[in-house]
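In: Got a predicted structure plus its sequence, pasted below:
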Amino acid sequence: MSNWNSYISEISKTLEATLNLRHLPSQTVERQVHVEVELKDNPKLLLGDILIARNEQEKCLVEASVNSVRISITIRKG
């Protein structure tokens with residue numbers, strides 16, 4: 001069970017760090033806010049993708065930018 005606890009702990013720490021979001025108006029379109037993690041317009045605003053894997057069937061991908069975060073979770077069935 002400690003493998004499970006360390007896996008969940010790593011996901012928790014990563015989310016704490018990446019969910020520190022900022023309001024960032026678009027640098028190209030006036031009065032607009034773009035979700036940078038979706039559009040990927042400016043590489044300077046993107047943080048590196050983080051993959052936390054317990055095994056091949058259980059993993060979490062965190063894609064973060066200065067103003068948005070996308071979390072993809074894969075879990076084992078059954």
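Out: Thanks, I have the structure now.
In: which residues are contacting the helix or strand bottoming out on mean pLDDT in the chain?
Out: Here the helix or strand of the chain ranked lowest by mean pLDDT, DSSP states H and E is helix 36-39, holding a mean of 81. Residues outside helix 36-39 that contact it (Cβ atoms under 8 Å, 6 or more residues apart in numbering): Leu24, Asn42, Leu45, Leu46, Glu63, Ala64, Ser65, Val66, Asn67, Ser68, Val69, Arg70. Every residue, glycine included, has its C-beta placed from N, CA and C.
In: Among those, name the buried ones.
Out: Applying 16 or more other Cβ atoms under 10 Å to the contacts of helix 36-39, the neighbour count classes Leu45, Leu46, Glu63, Ala64, Ser65, Val66, Asn67, Ser68, Val69 as buried.
In: Roughly how far does the second one sit from Ala53?
Out: Noted for Leu46: a distance of 21 Å to Ala53, by Cβ to Cβ, to the nearest Å.
In: Please apply the same query to the first one.
Out: According to Cβ to Cβ, Leu45 stands 26 Å off from Ala53.
In: and if you look at Lys77?
Out: Taking Cβ to Cβ, one finds Lys77 at 17 Å from Ala53.
In: Over to Thr18?
Out: 17 Å.
In: and these two? which has more neighbours close in?
Out: Using other Cβ atoms under 10 Å as the criterion, Thr18 and Ala53 rank with Thr18 on top: 19 against 13.
In: That one contacts Leu61, doesn't it?
Out: No - checked against Cβ atoms under 8 Å, the pair Thr18 and Leu61 is beyond contact range at 11.6 Å.
In: Identify the contacts common to the two.
Out: Ile50.
In: check contacts around the residue lying closest to Asp49 once chain neighbours are set aside.
Out: Distances taken as Cβ to Cβ, 6 or more residues apart in numbering put Glu63 closest to Asp49, at 5.1 Å, once the chain neighbours are dropped. By Cβ under 8 Å, 6+ apart, Glu63 lies in contact with Val37, Asp49, Val69, Arg70, Ile71, Ser72.
In: Good, we can wrap up now.
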